[in-house]
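Asks: kindly return the folded structure for what I paste below:
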Amino acid sequence: MSKNNAALYDPNILISAGIDPKTGLPIRMDSSLSCIQKADIKKQLRIVDEQDAVNRFTWYNLPEGLNGKLMERILYYKGQAMFFALKDKFYFLPYTLDGTIDVYGRFLGVSPLPFNGTANDGKPDKPWIQGLTFNPVYEVELPEDYFNLSFAELEEKISKSCVLLKDYTEQYSQTNIARQILNDPVLDIMAECFPFMRTALINSTGVQGMRVNTENEAASVYAANNAITKAALEGRSKIPVVGNVDFQDLSGGNVAKAEEFLLAMQSLDNYRLSLYGLDNGGLFQKKSHILEAEQEMNTGNVGLVMRDSLQCRQDFCDIVNSIWGLDIWCEPSEVVLGMDMTGDGVAGDNESNQHEFKQQEATENDE
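Replies: Predicted coordinates:
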């Protein structure tokens with residue numbers, strides 16, 4: 001009986017070692033990887049997109065074990081998550097419906113899911129702990145809501161409570177589509193701009209066909225036409241054409257200039273930023289001077305987009321604070337606002353002074 005040598009390996013280990021997982025050869029020896037690849041550009045754009053999403057807001061006074069970057073990262077990849085306490089420790093995890101819904105379609109029972117991990121049975125997308133269910137709270141809890149409860153009832157109510165946080169206002173469904181999924185098509189188009197630009201620079205007339213000496217010329221030309229886009233994305237200026245066909249241009253003589261690809265990518269990036277409510281140059285950027293009024297019309301009211309996400313987070317903070325007596329809060333990042341909110345002389349976020357800033361703000365409000 002022959003030995004079964006089948007095995008699965010993490011391709012990132014090979015890439016880190018400088019080995020191409022597809023060919024098994026050193027990456028620098030593979031000429032195909034020397035070109036600007038769409039997939040490589042998209043990896044870089046994904047990192048930038050996540051950084052923009054994660055660093056839009058600054059969180060204050062979060063309990064031990066949680067930080068703003070972790071919470072925003074969960075929202076970026078999942079779209080929503082739940083805040084709850086278990087054995088005197090607070091968690092912020094994705095969730096699934098585990099119960100009924102009310103007349104507004106809101107979940108009345110949810111169960112936490114592991115984030116980027118596994119449940120006890122080793123299967124992803126399964127409840128973190130079987131039978132662990134919490135009751136979402138959708139409004140700020142007032143002290144009088146607890147007056148008629150015994151200590152045991154109060155403890156039970158709080159221990160079974162949780163607060164849901166959505167990255168943005170949900171649509172008809174009660175679950176949001178994660179930003180990572182929403183922005184992926186935009187990143188995909190942006191990633192094409194650099195390879196297309198490089199191809200235009202290599203060959204101002206676009207992709208050309210090369211004559212090869214075999215039959216089926218017509219079919220070969222059709223096949224070559226289908227391969228043009230792939231060749232352009234890979235930065236290749238020539239593709240093989242099967243048949244006695246002269247060396248010819250298959251893409252037409254009107255090839256866009258390199259700057260046109262950069263302008264297209266810039267417009268796409270501005271559109272991506274507008275989805276987060278971040279300042280941008282607008283969907284269409286004129287090459288000449290643009291008036292301030294034109295700029296405002298071009299960019300649209302991105303403030304409402306930012307306000308929507310901020311309001312979701314601040315409402316979440318108010319409900320959490322009313323249940324557990326915490327003092328968490330969320331504000332736009334100082335980098336986004338372009339101003340110094342903490343009074344440290346720097347328009348940038350400093351983790352060490354976030355707690356002090358919030359405490360000082362609370363004191364001033366009391367006065």
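Asks: please count neighbours and contacts with C-alpha atoms only from this point.
Replies: Fine.
Asks: now the strands for the chain?
Replies: 57-60, 80-86, 89-93, 95-97, 110-112, 135-136, 161-166, 208-212, 238-242, 248-249, 329-332 (DSSP state E).
Asks: winner for burial among the ones you listed?
Replies: Among these, strand 110-112 has the highest mean neighbour count (mean count of other C-alpha atoms under 10 Å), at a mean of 24.
Asks: rewinding a little: make a markdown table out of the strands of the chain and add distance to Glu50.
Replies: Converted to a markdown table, the strands of the chain look like this (distance: least, C-alpha to C-alpha, whole Å):
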| stretch | distance to Glu50 |
| --- | --- |
| strand 57-60 | 13 |
| strand 80-86 | 15 |
| strand 89-93 | 18 |
| strand 95-97 | 21 |
| strand 110-112 | 23 |
| strand 135-136 | 28 |
| strand 161-166 | 17 |
| strand 208-212 | 38 |
| strand 238-242 | 36 |
| strand 248-249 | 40 |
| strand 329-332 | 16 |
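Asks: quick one, which of those strands is nearest to Pro127?
Replies: Between Pro127 and the strands of the chain, the tightest spacing by C-alpha to C-alpha is seen for strand 110-112, at 5.9 Å.
Asks: and the contacts of that closest one?
Replies: Here strand 110-112 makes contact (C-alpha atoms under 8 Å, 6 or more residues apart in numbering) with 82, 93-99, 127-129, 131-136.
Asks: distance to Ala258 and mean pLDDT added to the strands of the chain, as JSON lines?
Replies: JSON lines is the format used below for the strands of the chain (distance: least, C-alpha to C-alpha, whole Å; pLDDT from 0 to 100):
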{"stretch": "strand 57-60", "distance to Ala258": "36", "mean pLDDT": "95"}
{"stretch": "strand 80-86", "distance to Ala258": "40", "mean pLDDT": "95"}
{"stretch": "strand 89-93", "distance to Ala258": "45", "mean pLDDT": "96"}
{"stretch": "strand 95-97", "distance to Ala258": "46", "mean pLDDT": "93"}
{"stretch": "strand 110-112", "distance to Ala258": "49", "mean pLDDT": "95"}
{"stretch": "strand 135-136", "distance to Ala258": "53", "mean pLDDT": "96"}
{"stretch": "strand 161-166", "distance to Ala258": "40", "mean pLDDT": "96"}
{"stretch": "strand 208-212", "distance to Ala258": "18", "mean pLDDT": "59"}
{"stretch": "strand 238-242", "distance to Ala258": "19", "mean pLDDT": "64"}
{"stretch": "strand 248-249", "distance to Ala258": "19", "mean pLDDT": "54"}
{"stretch": "strand 329-332", "distance to Ala258": "36", "mean pLDDT": "94"}
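Asks: specify the stretch among these that is closest to Ala17.
Replies: Proximity to Ala17 (C-alpha to C-alpha) singles out strand 238-242 among the strands of the chain, at 31.5 Å.
Asks: give me the pLDDT for Pro127.
Replies: Per-residue confidence (pLDDT) for Pro127: 70.
Asks: does it touch Leu97 like I think?
Replies: No. Counting by C-alpha atoms under 8 Å, Pro127 does not reach Leu97; the two are 10.1 Å apart.
Asks: can you list the weak-confidence ranges in the stretch 151-300 of the chain?
Replies: Scanning the stretch 151-300 of the chain for pLDDT under 70 picks out the ranges 202-230, 232-237, 239-256, 281-300.
Asks: export stretch 133-151 to PDB, keeping only CA atoms.
Replies: In PDB, the C-alpha atoms belonging to stretch 133-151 read as follows (Å, rounded to 0.1, in the frame of the first residue of the first chain):
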ATOM      1  CA  THR A 133     -27.600  33.700  25.400                       C
ATOM      2  CA  PHE A 134     -27.900  37.400  26.200                       C
ATOM      3  CA  ASN A 135     -30.700  39.900  25.900                       C
ATOM      4  CA  PRO A 136     -29.900  43.000  23.900                       C
ATOM      5  CA  VAL A 137     -30.700  46.400  25.500                       C
ATOM      6  CA  TYR A 138     -31.700  49.100  23.000                       C
ATOM      7  CA  GLU A 139     -32.300  52.100  25.300                       C
ATOM      8  CA  VAL A 140     -30.600  53.800  28.100                       C
ATOM      9  CA  GLU A 141     -31.400  52.100  31.400                       C
ATOM     10  CA  LEU A 142     -32.800  54.500  34.100                       C
ATOM     11  CA  PRO A 143     -32.300  54.100  37.900                       C
ATOM     12  CA  GLU A 144     -36.100  53.700  38.400                       C
ATOM     13  CA  ASP A 145     -36.100  50.700  36.100                       C
ATOM     14  CA  TYR A 146     -34.300  48.800  38.900                       C
ATOM     15  CA  PHE A 147     -36.200  50.100  41.900                       C
ATOM     16  CA  ASN A 148     -38.700  47.200  42.100                       C
ATOM     17  CA  LEU A 149     -36.100  44.500  41.600                       C
ATOM     18  CA  SER A 150     -34.500  42.400  44.300                       C
ATOM     19  CA  PHE A 151     -30.700  42.100  44.400                       C
END
